[in-house]
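J.: pasting the structure only:
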């Protein structure tokens with residue numbers, strides 16, 4: 001379980017179950033446990049207005065350098 005936070009204001013965006021090593025390029029919607037983000041059409045934003053990602057069907061394509069994350073990653 002990892003916690004994704006905004007890079008600008010450090011507020012929580014969502015709790016996410018990350019599986020496997022590597023970067024967080026996109027988040028599968030079914031693995032989001034708790035969602036604190038704001039949605040503006042297909043854009044996922046923080047409460048401060050920072051663009052975090054864009055919804056694309058089954059996943060959210062994350063905008064690199066607009067978020068940080070911490071927590072434990074499940075090994076494959």
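T.: The structure has been received and is ready for your questions. Please read these numbers as outputs of a predicted model, since none were measured by experiment.

J.: What segments of this structure are strands?
T.: Under the criterion DSSP state E, the chain contains strands at 2-6, 12-16, 26-28, 32-35, 38-40, 43-45, 51-56, 59-62, 67-71.

J.: Okay, now the sheet partners of the third one, with direction.
T.: This points to strand 26-28. In the sheet, strand 26-28 lines up against strand 59-62 (antiparallel) (DSSP bridges).

J.: and the strands of the chain as a markdown table, adding mean pLDDT?
T.: Output for the strands of the chain, formatted as a markdown table (pLDDT from 0 to 100):
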| stretch | mean pLDDT |
| --- | --- |
| strand 2-6 | 94 |
| strand 12-16 | 94 |
| strand 26-28 | 93 |
| strand 32-35 | 95 |
| strand 38-40 | 93 |
| strand 43-45 | 95 |
| strand 51-56 | 95 |
| strand 59-62 | 95 |
| strand 67-71 | 91 |
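
J.: With mean neighbour count as added columns, please give the ones you listed in a markdown table.
T.: Placement of C-beta: from N, CA and C, glycine included. Shown next, in a markdown table, are those (neighbours: other CB atoms under 10 Å):
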| stretch | mean neighbour count |
| --- | --- |
| strand 2-6 | 20 |
| strand 12-16 | 21 |
| strand 26-28 | 17 |
| strand 32-35 | 13 |
| strand 38-40 | 12 |
| strand 43-45 | 19 |
| strand 51-56 | 17 |
| strand 59-62 | 19 |
| strand 67-71 | 14 |
